[in-house]
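Trainee: test case, fold it:
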Amino acid sequence: MRFSIALIAASAAAVHAGVFTQKTYNAISISGGVAGNAENEALAVFSALDQNNLASADKADIDFLKSVNRICNDAEDKAFNTAIDAASGDAADALQRGKIKNKVLKLEATILRLKIQQAQGVDVAKDMAAELKKLNNNISQDEAQAGKPSTSLSFNASTS
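Mentor: Numbering: from 1, shown residues only. As a prediction, this is how the structure comes out:
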């Protein structure tokens, strides 16, 4: 009987593992292409997550979303800002659009993490309001540039 209970517990734990796997920044980046659809592009990156049952999300999923935020911040600080400062004209504008799309990806990861925590009973209302304001601002900036070229930058980082 003990073996059966242990086997059932082990099986339940295996089924409840996170849905995300380690990815490089370049694999999840949405910065390239054209501006205007960053919100949908970002949500596609996280489509493996069952948004109808966020309470069942695993700690590994929360950790993945935190790491997306971290590597997107690093890409912004160490790649985009430097490249934008060194560029001018249309090239700088396209890099800025890529940076905005990167911010949308980062903020969508943050909002998903907060939604999971909220579904699991954590009070995140204050953080949610602040992050939604940032997300909506960046989505608006992206949509205002719809159809214009957006430049991605290669960046060496990966999620955890």
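
Trainee: ok, now which ones touch D90?
Mentor: Contacts here follow C-beta atoms under 8 Å, 6 or more residues apart in numbering; on that basis D90 touches P149. All C-beta spots, glycine's among them, are computed from the backbone N, C-alpha and C.

Trainee: ditto for the one 4 residues further on
Mentor: If a contact means C-beta under 8 Å, 6+ apart, then A94 has 148-151 as its contacts.

Trainee: got it, and N102?
Mentor: Contacts of N102 by C-beta under 8 Å, 6+ apart are 29-31, 72, 75-76, 80.

Trainee: 6 Å instead, please
Mentor: 31, 72, 75-76 (C-beta atoms under 6 Å, 6 or more residues apart in numbering).

Trainee: list phi and psi for it.
Mentor: phi -60, psi -40 (degrees, to the nearest 10).

Trainee: for it, report the pLDDT, please.
Mentor: At N102, the pLDDT value in this model is 98.

Trainee: rewinding a little: any chance of the contacts of A94 in CSV with pLDDT, neighbour count and secondary structure as columns?
Mentor: Converted to CSV, the contacts of A94 look like this (pLDDT from 0 to 100; neighbours: other C-beta atoms under 10 Å; DSSP: H, G, I helix; E, B strand; the rest coil):
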residue, pLDDT, neighbour count, secondary structure
K148, 98, 14, coil
P149, 98, 16, strand
S150, 98, 26, strand
T151, 98, 22, coil
